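Student: dropping a prediction and its sequence here:
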Amino acid sequence: MTSDEETRPVPLGRPPGDATPAGLRALPRPVAVVVGAGGVLGAAHVGVGYALEQRGFVPDMIIGTSVGALNGAIAAAHPDRAAPWLDHVWSTLRRREVYPLGYWFSFSRASVFTDRGLRRLIAQAGLPSRIEQLTVPFTAVAMDLGTGAAALLDHGDLESALLASAAIPGMLPPVDREGRTLVDGGVVAYVPVMAARQAGAASVVVVSTGPESSPLSRALPPRRARAIAARAGLLLLRHQIERDLHEVSKQIPTVVLPTGIEAWPAPWDFGQSQRLINTASLAAGRFLDGLRISGPGLYRADGLSAASAGSGPASTSAVLGGEL
């Protein structure tokens, strides 16, 4: 499969329970789907969502950070038919609709952009007003700007929870909620598997995006300030992600779904969303069809694994159904 595969995912509807791949059926309940951050790269979440929906999988809870909170809330509202709707949204979305230019500090000294674009997207999603009204239990992860701790928003007003989880510091305004000032959860929990474990998950399926979640290239960037800063930021996020994945996988099965994407667009480029959706749908589906679960551990396409809790390692290799 190439990264520029152009075949559009076909919504298949929910198959009977015995059509769900054995690996998904073997996951201990409750199963949490964890949806990571990634901004414009969140289009890949939609492709992974297609793969899960087409295989009849409905999680017991959804935990999301930043753009993953928005995608996750929509999946929690419509757990077996969210992907086609999100496909349409992401395929037509443009940067100015999320980060409108021309409002530099005129509305708020706390951010470069207003959040009116995000508010409009949330309003158009047809979501309930409160988190408790979602079909699947849902948690949005933000960061408390006062303490630096993760804020797990699993009840109350849904719109403010999503705005808080996606409030990129300095770019979008922080949200005051229940006596706390909250910003983007990706700062402290880019892939919120720790929050899923805290919520009582017995296994997790991780939907993450971007180069920070992919195998690390050892090639050093050109010695220019922007490239050096970007590399350092990538390593910082990767360290956080790997630390959290390995910690949780010592206790419970932790499945990281691949996207198959090799060439990622720039953070402001919404024009490649369909490519990300298509590629991720095929890669995640192929992985799921070959997945085998054998106890706690880290299951992912790169073959890395983590030791199980207790004495001795778990058998944690992911069996792939073909070349990725």
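Tutor: Done, it's in. Numbering: from 1, shown residues only.
Student: ok, residues contacting the longest helix along the chain?
Tutor: Taking DSSP state H as the criterion, the chain has its longest helix at helix 225-249. Applying C-beta atoms under 8 Å, 6 or more residues apart in numbering, the contact partners of helix 225-249 are 36, 189-194, 196-197, 204, 206, 208, 211-213, 216, 220-221, 254, 256, 296-298, 305-306, 316. Just so you know, the C-beta spots here come from the backbone N, C-alpha and C atoms, and that holds for glycine as well.
Student: can you tell me which of those residues are in strands?
Tutor: Using DSSP state E, the subset of those located in strands is 204, 206, 254, 256, 297-298.
Student: now, which of those residues sits nearest Val48?
Tutor: The nearest member of the ones in strands among the contacts of helix 225-249 to Val48, counting by C-beta to C-beta, is Val206 at 9.5 Å.
Student: can you give me the distance of that closest one to Asp144?
Tutor: Val206 sits 24 Å away from Asp144, going by C-beta to C-beta, to the nearest Å.
Student: could you do Ala195 as well?
Tutor: For Ala195, the distance to Asp144 - C-beta to C-beta - is 13 Å.
Student: could you do Gln54 as well?
Tutor: If you measure Gln54 against Asp144 using C-beta to C-beta, the figure is 38 Å.
Student: quick check: what element follows the lowest-mean-pLDDT helix or strand in the chain along the chain?
Tutor: Ranked by mean pLDDT, DSSP states H and E, the weakest helix or strand in the chain is helix 95-98, scoring a mean of 64. Using DSSP states H and E, the helix or strand that follows helix 95-98 in sequence is helix 116-124.
Student: what residues sit buried inside that following helix?
Tutor: By neighbour count with 16 or more other C-beta atoms under 10 Å, helix 116-124 contains the buried residues 117-118, 121-122.
Student: and of those, the nearest to Arg180?
Tutor: Leu118 (19.1 Å).
Student: and stretch 211-221, how far from the chain's centre?
Tutor: Its chain's C-alpha centre and that of stretch 211-221 lie 19 Å apart, by C-alpha atoms, centre = their mean, to the nearest Å.
Student: list every C-alpha atom in that stretch, with coordinates, as CSV.
Tutor: Extracted C-alpha coordinates of stretch 211-221, given in CSV (Å, rounded to 0.1, in the frame of the first residue of the first chain):
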residue,chain,number,x,y,z
PRO,A,211,5.2,11.8,12.8
GLU,A,212,5.5,11.9,16.6
SER,A,213,3.6,8.6,16.7
SER,A,214,5.5,7.0,13.9
PRO,A,215,8.9,5.2,13.9
LEU,A,216,11.6,7.8,14.5
SER,A,217,13.9,8.7,11.7
ARG,A,218,17.5,9.0,12.8
ALA,A,219,18.3,11.5,10.1
LEU,A,220,19.2,14.9,11.6
PRO,A,221,17.5,18.0,10.2
